[in-house]
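**Student:** Kindly return the folded structure for what I paste below:
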Amino acid sequence: MKIINETHSLNLKEDFSIERLRLQADHQLIGEKMTDLVIVEHHLNAYINDQLAFKLVCTPEKLDALVMGFLLSEGYIENFAEIEFIYVCESGERVKVQLNKPLVLPEISHDTGSNSISCGNNQKIRQAAYKKSLLPLPVHDWSHETVLMLANACNQNAGLFAETGGTHCCAMSIAGELAFICEDIGRHNAVDKAIGQAVMAEQNLGEAILFTTGRIPSDMVIKAIRSRIPVIASHSAPTDEAVLLARQFNLTLIGFVRGKRMNLYAGK
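**Tutor:** Here you go, the predicted model:
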């Protein structure tokens with residue numbers, strides 16, 4: 001597998017002149033002129049075997065890892081050996097993926113909008129969960145100390161969020177050690193970036209714990225199961241579909257990791 005990433009220091013944030021409004025004790029609204037940093041919204045078109053396969057709205061960094069993680073977590077590939085190369089153009093707006101196998105893809109119009117950075121359609125998620133023949137995860141151990149370490153890593157290392165307030169953060173451990181931290185305007189993208197970095201580094205995802213600052217819907221659980229990640233945790237809440245899928249496929253699902261406490265929704 002070859003990765004060619006021609007992007008160089010794409011802008012992640014932009015300065016905007018704004019007016020900050022404050023309500024005073026006398027209920028008068030006053031304004032203050034200032035400059036604010038705003039996160040960049042980047043649009044990416046990905047081609048597989050020369051056919052437009054998917055469109056993403058993302059933060060323009062680690063785009064090769066984002067595409068790699070998306071390919072695995074969305075079921076386009078089962079392992080990185082199926083990829084001949086990933087090419088990211090200089091602007092980061094176009095990515096070409098060549099697989100060593102044919103792949104039947106639905107037609108996507110170039111004029112349609114990019115995929116949403118929020119959750120997908122529930123019916124599509126259910127269909128994906130069962131039609132893609134997800135396999136139960138093997139029995140695994142996990143450490144609450146590692147989960148808390150990942151939560152702290154996100155709190156302390158989310159630099160783009162500290163500057164703009166506009167990103168989600170994802171941290172991944174491998175065999176109990178902090179391995180990757182990724183940020184993106186989309187919580188799914190941040191997860192895919194971490195997965196992609198692990199695959200590119202040839203790390204064993206069966207030894208991974210994934211922490212995200214966003215809520216965990218069922219499509220996020222499916223990403224973890226497809227990638228064979230045994231544990232996913234969040235600062236926020238899961239959905240009912242996420243809990244049911246996690247229990248069905250032996251995924252450890254943890255929510256509301258706050259301070260020294262957490263809620264265990266699935267797993268032991």
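**Student:** quick one: least confident helix or strand in this structure?
**Tutor:** Per-element confidence for the chain was summarised using mean pLDDT, DSSP states H and E. The lowest value among helices and strands belongs to helix 122-131, with a mean of 50.
**Student:** secondary structure class for the residue nearest in space to the middle of the chain?
**Tutor:** In the chain, the centroid-proximal residue (CA atoms, centre = their mean) is Val191; its distance is 2.4 Å. State at Val191, reduced to three classes by DSSP: H, G, I helix; E, B strand; the rest coil: helix.
**Student:** Val67 in helix, strand or coil?
**Tutor:** helix.
**Student:** Quick check: phi and psi on Ala242?
**Tutor:** phi -60, psi -40 (degrees, to the nearest 10).
**Student:** Go ahead and confirm Phe54 touches Leu66.
**Tutor:** No. In terms of CB atoms under 8 Å, Phe54 does not count as a neighbour of Leu66; the distance is 11.0 Å. C-beta coordinates here come from the backbone N, C-alpha and C atoms, glycine included.
**Student:** Which one of these two is surrounded by more residues?
**Tutor:** Per other CB atoms under 10 Å, whichever of Phe54 and Leu66 has more neighbours is Leu66, with 32 against 20.
**Student:** Can you list the residue ranges for strands in the stretch 51-200 of the chain?
**Tutor:** Secondary structure of the stretch 51-200 of the chain (DSSP state E, counting those that start in this stretch): strands located at 51-58, 83-88, 94-99, 168-174, 177-184.
**Student:** Quick check: which of those strands is nearest to Phe211?
**Tutor:** Distance to Phe211, taken as CB to CB, is lowest for strand 168-174 among the strands of the stretch 51-200 of the chain, at 4.7 Å.
**Student:** circling back: for the residue nearest to the centre of the chain, give its distance to Arg215.
**Tutor:** When CB to CB, to the nearest Å is applied, the distance between Val191 and Arg215 equals 12 Å.
**Student:** got it, and Asn152?
**Tutor:** 20 Å.
**Student:** Comparing these two, which shows the higher neighbour count?
**Tutor:** Arg215 (17 against 14).
**Student:** Leaving out the residues flanking it, which one is nearest to the more buried one?
**Tutor:** Of all residues beyond its chain neighbours, the one nearest Arg215 is Ser236 (4.2 Å), with distances taken as CB to CB, 6 or more residues apart in numbering.
**Student:** Likewise for Thr7?
**Tutor:** Leaving aside its sequence neighbours, Thr7 is closest to Gly92 (4.5 Å, by CB to CB, 6+ apart).
**Student:** pretty sure that neighbour contacts Leu63?
**Tutor:** Yes. Under the criterion of CB under 8 Å, Gly92 is in contact with Leu63, at a separation of 5.2 Å.
**Student:** Return every residue with contacts to both of those two.
**Tutor:** 7, 44 (CB atoms under 8 Å, 6 or more residues apart in numbering).
**Student:** more neighbours, those two?
**Tutor:** Each of Gly92 and Leu63 has its neighbours counted (other CB under 10 Å); Leu63 has more, 26 against 21.
**Student:** show me what contacts that one?
**Tutor:** Leu63 sits next to 5, 7, 44, 88, 92, 95 when contact means CB under 8 Å, 6+ apart.
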